[in-house]
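[1] Any chance you can model this:
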Amino acid sequence: MRGGMLLAGLATAGIALAAATGAAGSGRGIRTRAAIGPYPVAHAGVVAGSKVRGDARTRTRDGRTEVRVRVRGLAHDATLEARLHDGRCSDFGDTFTYPATGDHVVVALRSGHSGEAGARVKVPPIPAGRQFSIVIHGDSGARIACGDLLAD
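    Numbering: from 1, shown residues only. As a prediction, the model looks like this:
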């Protein structure tokens with residue numbers, strides 16, 4: 001993997017996911033939202049039919065994007081990652097990379113005994129005018145759930 005990761009700290013509970021696809025703004029800022037669910041069919045590097053569901057949200061304003069993710073249906077005490085990917089879930093796109101730095105947007109998730117996890121991270125603005133998705137990666141790195149980010 002080229003570059004580094006912009007990583008949120010581990011968290012133990014939650015249920016919301018978001019990622020912004022616009023430049024910094026004022027007021028409410030630019031917002032997106034995704035409903036996260038299992039992949040319906042297997043594909044290279046994809047596990048179909050997981051029980052993972054949740055949501056994501058992003059908000060870009062004042063030169064930063066906040067990405068929030070909440071998921072449920074995880075094994076207890078599991079460690080996973082939510083990553084921003086190019087394109088829709090059905091595109092099976094690559095992890096988004098900031099061109100200038102090679103960094104990725106990664107939200108580290110750790111489930112509690114309830115099988116729920118949530119966390120947030122603030123990163124440089126995510127580019128406007130592009131389609132993104134939030135992909136949940138299991139401990140093996142396989143894609144286990146995904147949500148297309150849409151304007152909120």
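
[2] What helices and strands are in contact with the helix or strand that contains residue 55?
    Using DSSP states H and E, the element containing residue 55 is strand 53-61. Packing partners of strand 53-61 (3 or more C-beta pairs under 8 Å, 6 or more residues apart in numbering; DSSP states H and E): strand 30-38, strand 64-72, strand 143-148. In this view, the C-beta of every residue, glycine as well, is placed from N, C-alpha and C.

[3] If we use 6 Å, what do you get?
    Here strand 53-61 touches strand 30-38, strand 64-72, going by 3 or more C-beta pairs under 6 Å, 6 or more residues apart in numbering; DSSP states H and E.

[4] want to try JSON lines for those strands, with mean neighbour count as columns?
    As requested, the helices and strands packed on strand 53-61 are arranged in JSON lines below (neighbours: other C-beta atoms under 10 Å):
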{"stretch": "strand 30-38", "mean neighbour count": "21"}
{"stretch": "strand 64-72", "mean neighbour count": "25"}
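
[5] Point out the one among those that comes closest to residue 135.
    Closest to residue 135 of those is strand 30-38 (C-beta to C-beta; 8.9 Å).

[6] Show me what that closest one pairs with in its sheet, parallel or antiparallel.
    strand 53-61 (antiparallel), strand 143-148 (antiparallel), strand 150-151 (antiparallel) (DSSP bridges).

[7] Can you lay out those as JSON lines showing mean neighbour count and distance to residue 119?
    Putting these into JSON lines (neighbours: other C-beta atoms under 10 Å; distance: least, C-beta to C-beta, whole Å) gives the following:
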{"stretch": "strand 53-61", "mean neighbour count": "24", "distance to residue 119": "11"}
{"stretch": "strand 143-148", "mean neighbour count": "24", "distance to residue 119": "15"}
{"stretch": "strand 150-151", "mean neighbour count": "12", "distance to residue 119": "21"}
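
[8] Output the ones you listed in CSV, with distance to residue 68 and mean pLDDT appended to each entry.
    Putting these into CSV (distance: least, C-beta to C-beta, whole Å; pLDDT from 0 to 100) gives the following:
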stretch, distance to residue 68, mean pLDDT
strand 53-61, 5, 97
strand 143-148, 12, 98
strand 150-151, 15, 94
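
[9] what distance separates stretch 34-48 from the centre of its chain?
    Stretch 34-48 sits 14 Å away from the centroid of its parent chain (C-alpha atoms, centre = their mean, to the nearest Å).

[10] Cool, thanks, talk later.
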